[in-house]
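> Any chance you can model this:
(one chain, ligands or ions: 2)
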Amino acid sequence: MLRPVAYGLRQSAMSLFKLKCMVNGEKFDGEIDASRTLLEFIRGDRGLKGTKEGCGEGECGACLVLVDGKAVNSCLMMAAQLNGRALTTIEGLKGRDGGLHPLQKAFIEEGAVQCGFCTPGAILAAEALLREKPSAALEEIKLGLTGNFCRCTGYEKIIDAVVKVRDGEIAK
Ligand code: FES
Ligand code: FES
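Ligands and ions are numbered 1, 2, ... in the order given. Prediction:
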(Lines give C-alpha, C1' and ligand atoms only; values in the text may rest on other atoms or scores of the structure.)
(Ligands and ions follow the chains in the order given, each with its own letter.)
Protein backbone atom coordinates (compact mmCIF):
# COMPACT_ATOMS: atom_id res chain seq x y z
CA MET A 1 0.00 0.00 0.00
CA LEU A 2 2.90 2.31 0.75
CA ARG A 3 4.65 1.81 -2.55
CA PRO A 4 2.29 3.68 -4.92
CA VAL A 5 2.19 6.66 -2.57
CA ALA A 6 5.98 6.78 -2.34
CA TYR A 7 6.30 6.31 -6.07
CA GLY A 8 3.87 9.17 -6.69
CA LEU A 9 5.86 11.48 -4.47
CA ARG A 10 9.06 10.60 -6.30
CA GLN A 11 7.41 11.27 -9.65
CA SER A 12 6.09 14.68 -8.64
CA ALA A 13 9.51 15.64 -7.25
CA MET A 14 11.36 14.52 -10.39
CA SER A 15 13.31 17.23 -12.13
CA LEU A 16 14.54 16.94 -15.68
CA PHE A 17 17.99 17.60 -17.06
CA LYS A 18 18.78 18.36 -20.67
CA LEU A 19 21.65 16.08 -21.56
CA LYS A 20 23.84 16.40 -24.63
CA CYS A 21 26.57 13.84 -25.04
CA MET A 22 27.97 11.12 -27.26
CA VAL A 23 26.97 7.53 -26.59
CA ASN A 24 29.08 4.97 -28.43
CA GLY A 25 29.84 7.44 -31.21
CA GLU A 26 26.26 8.68 -31.63
CA LYS A 27 24.85 12.00 -30.48
CA PHE A 28 22.38 11.95 -27.60
CA ASP A 29 20.31 15.06 -26.98
CA GLY A 30 17.36 14.63 -24.69
CA GLU A 31 15.80 15.15 -21.27
CA ILE A 32 16.57 12.74 -18.50
CA ASP A 33 15.59 12.39 -14.87
CA ALA A 34 18.22 14.50 -13.09
CA SER A 35 18.43 11.94 -10.30
CA ARG A 36 19.53 9.10 -12.60
CA THR A 37 22.94 7.58 -12.09
CA LEU A 38 25.00 6.98 -15.19
CA LEU A 39 24.41 3.25 -14.71
CA GLU A 40 20.63 3.79 -14.68
CA PHE A 41 20.89 5.93 -17.80
CA ILE A 42 22.96 3.30 -19.61
CA ARG A 43 20.90 0.25 -18.72
CA GLY A 44 17.46 1.75 -18.17
CA ASP A 45 17.26 4.67 -20.58
CA ARG A 46 19.57 3.52 -23.37
CA GLY A 47 18.93 -0.21 -22.98
CA LEU A 48 22.64 -1.04 -23.08
CA LYS A 49 22.59 -4.13 -20.92
CA GLY A 50 26.24 -5.08 -21.45
CA THR A 51 27.06 -2.80 -18.53
CA LYS A 52 26.30 -4.77 -15.39
CA GLU A 53 25.06 -3.75 -11.97
CA GLY A 54 26.90 -5.54 -9.20
CA CYS A 55 27.46 -3.86 -5.86
CA GLY A 56 26.10 -0.42 -6.73
CA GLU A 57 28.75 1.06 -4.44
CA GLY A 58 31.90 1.42 -6.51
CA GLU A 59 33.47 -1.80 -5.28
CA CYS A 60 33.14 -4.44 -7.99
CA GLY A 61 33.80 -2.80 -11.39
CA ALA A 62 30.91 -4.61 -13.10
CA CYS A 63 29.45 -1.24 -14.14
CA LEU A 64 32.72 0.19 -15.46
CA VAL A 65 32.51 2.24 -18.66
CA LEU A 66 34.70 4.80 -20.41
CA VAL A 67 33.95 8.51 -20.15
CA ASP A 68 36.22 10.52 -22.44
CA GLY A 69 38.37 7.41 -22.61
CA LYS A 70 38.83 7.11 -18.84
CA ALA A 71 37.52 4.23 -16.73
CA VAL A 72 34.57 5.20 -14.54
CA ASN A 73 32.32 3.14 -12.28
CA SER A 74 28.97 4.24 -13.66
CA CYS A 75 27.12 3.47 -10.43
CA LEU A 76 29.03 6.32 -8.77
CA MET A 77 28.49 8.99 -11.42
CA MET A 78 25.32 10.95 -12.14
CA ALA A 79 24.08 10.79 -15.72
CA ALA A 80 23.98 14.61 -15.81
CA GLN A 81 27.76 14.63 -15.36
CA LEU A 82 28.03 13.09 -18.81
CA ASN A 83 26.98 16.40 -20.36
CA GLY A 84 29.38 17.41 -23.15
CA ARG A 85 31.36 14.20 -22.80
CA ALA A 86 31.69 10.90 -24.65
CA LEU A 87 30.53 7.58 -23.21
CA THR A 88 31.76 4.21 -24.41
CA THR A 89 30.10 1.05 -23.18
CA ILE A 90 31.08 -2.46 -24.18
CA GLU A 91 28.61 -2.23 -27.09
CA GLY A 92 30.69 0.64 -28.51
CA LEU A 93 34.04 -1.12 -28.36
CA LYS A 94 35.04 -2.43 -31.78
CA GLY A 95 38.05 -3.60 -33.70
CA ARG A 96 39.35 -1.64 -36.69
CA ASP A 97 37.29 -3.79 -39.04
CA GLY A 98 34.13 -3.13 -37.02
CA GLY A 99 34.20 -6.64 -35.58
CA LEU A 100 35.42 -7.78 -32.19
CA HIS A 101 37.97 -5.61 -30.44
CA PRO A 102 41.38 -7.26 -29.83
CA LEU A 103 40.65 -7.43 -26.10
CA GLN A 104 37.38 -9.24 -26.79
CA LYS A 105 39.18 -11.72 -29.06
CA ALA A 106 41.93 -12.24 -26.49
CA PHE A 107 39.45 -12.83 -23.65
CA ILE A 108 37.78 -15.52 -25.75
CA GLU A 109 41.06 -17.11 -26.85
CA GLU A 110 42.46 -17.20 -23.31
CA GLY A 111 39.25 -18.55 -21.75
CA ALA A 112 38.93 -15.38 -19.65
CA VAL A 113 35.14 -15.38 -19.95
CA GLN A 114 33.11 -17.76 -17.82
CA CYS A 115 29.79 -16.42 -16.52
CA GLY A 116 30.66 -13.14 -18.24
CA PHE A 117 29.28 -10.85 -15.55
CA CYS A 118 32.61 -9.10 -14.96
CA THR A 119 33.75 -9.23 -18.58
CA PRO A 120 32.47 -5.90 -19.97
CA GLY A 121 33.92 -3.97 -17.05
CA ALA A 122 37.21 -5.87 -17.12
CA ILE A 123 37.64 -5.37 -20.87
CA LEU A 124 36.93 -1.65 -20.63
CA ALA A 125 39.27 -1.29 -17.65
CA ALA A 126 41.98 -2.99 -19.71
CA GLU A 127 41.21 -0.76 -22.68
CA ALA A 128 41.57 2.39 -20.56
CA LEU A 129 44.82 1.06 -19.14
CA LEU A 130 46.37 0.14 -22.50
CA ARG A 131 45.32 3.47 -24.03
CA GLU A 132 47.17 5.27 -21.27
CA LYS A 133 50.06 2.81 -21.03
CA PRO A 134 50.41 0.72 -24.19
CA SER A 135 53.52 -0.96 -22.77
CA ALA A 136 52.16 -1.47 -19.27
CA ALA A 137 54.25 -3.83 -17.16
CA LEU A 138 52.64 -6.97 -15.77
CA GLU A 139 52.33 -5.41 -12.32
CA GLU A 140 50.69 -2.33 -13.81
CA ILE A 141 48.16 -4.52 -15.60
CA LYS A 142 47.37 -6.40 -12.39
CA LEU A 143 47.05 -3.10 -10.52
CA GLY A 144 44.87 -1.64 -13.28
CA LEU A 145 42.40 -4.50 -12.91
CA THR A 146 42.23 -4.64 -9.12
CA GLY A 147 38.89 -2.81 -9.18
CA ASN A 148 37.26 -5.52 -11.30
CA PHE A 149 36.07 -8.48 -9.26
CA CYS A 150 35.76 -11.85 -10.95
CA ARG A 151 34.29 -14.81 -9.10
CA CYS A 152 34.98 -17.36 -11.83
CA THR A 153 38.33 -17.16 -13.56
CA GLY A 154 40.88 -16.67 -10.80
CA TYR A 155 42.11 -13.61 -12.74
CA GLU A 156 45.10 -15.30 -14.41
CA LYS A 157 43.33 -15.79 -17.73
CA ILE A 158 42.13 -12.20 -17.70
CA ILE A 159 45.68 -10.96 -17.12
CA ASP A 160 47.00 -13.31 -19.83
CA ALA A 161 44.46 -11.90 -22.29
CA VAL A 162 45.49 -8.32 -21.58
CA VAL A 163 49.18 -9.21 -21.91
CA LYS A 164 48.45 -10.82 -25.26
CA VAL A 165 46.93 -7.60 -26.55
CA ARG A 166 49.72 -5.50 -25.07
CA ASP A 167 52.23 -7.69 -26.90
CA GLY A 168 50.40 -7.28 -30.20
CA GLU A 169 49.58 -10.97 -30.49
CA ILE A 170 46.01 -10.23 -31.56
CA ALA A 171 45.17 -8.57 -34.87
CA LYS A 172 43.57 -5.11 -34.45
FE1 FES B 1 29.39 -0.17 -9.82
FE2 FES B 1 29.88 -2.42 -8.48
S3 FES B 1 28.09 -1.87 -9.60
S4 FES B 1 31.25 -0.77 -8.90
FE1 FES C 1 32.17 -14.75 -13.94
FE2 FES C 1 34.20 -13.04 -14.05
S3 FES C 1 33.66 -14.55 -15.53
S4 FES C 1 32.59 -13.08 -12.62
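
> Give me the residue at the spatial middle of the chain.
V65 (2.4 Å; CA atoms, centre = their mean).

> Return the list of strands paired to the helix or strand hosting V65, each annotated with direction.
Using DSSP states H and E, V65 sits within strand 64-67. Its sheet considered, strand 64-67 pairs with strand 70-73 (antiparallel), strand 86-88 (antiparallel) by DSSP bridges.

> wait, is V113 part of a strand?
No - going by DSSP: H, G, I helix; E, B strand; the rest coil, the assignment for V113 is coil, not a strand.

> per-residue pLDDT, it?
Listed pLDDT for V113 reads 98.

> rewinding a little: tell me the spacing between the residue nearest to the centre of the chain and P102.
19 Å (CB to CB, to the nearest Å). Every residue, glycine included, has its C-beta placed from N, CA and C.

> go on, T51?
Distance of T51 to P102, given as CB to CB: 20 Å.

> Compare the two and say which is more crowded by neighbours.
T51 (24 against 21; other CB atoms under 10 Å).

> Check which helix or strand the residue nearest to A86 when sequence neighbours are not counted maps to.
Closest residue to A86 apart from its sequence neighbours, by CB to CB, 6 or more residues apart in numbering: M22 at 4.1 Å. Using DSSP H and E, M22 falls within strand 16-23.

> What are the structural domain limits within this structure?
16-91, 102-166 (automatic domain parsing).

> ok, then the element right after the longest helix along the chain?
Counting residues, the longest helix found in the chain (DSSP state H) is helix 119-132. As assigned by DSSP H and E, the chain's next helix or strand after helix 119-132 is helix 138-144.

> Tell me what angle the helix or strand just after that next one forms with helix 119-132.
Next helix or strand after helix 138-144 toward the C-terminus (DSSP H and E): helix 156-166. The directions of helix 156-166 and helix 119-132 differ by 40 degrees, with axes from the mean of the first three to the mean of the last three CA atoms, to 10 degrees as the criterion.

> tell me which strands and helices helix 156-166 is in contact with?
helix 102-109, helix 119-132, helix 138-144 (3 or more CB pairs under 8 Å, 6 or more residues apart in numbering; DSSP states H and E).

> S135 - how many residues pack around it?
Neighbour tally, S135, other CB under 10 Å: 8.

> wouldn't it be in contact with G168 here?
No - if you go by CB atoms under 8 Å, S135 and G168 don't touch, sitting 10.5 Å apart.
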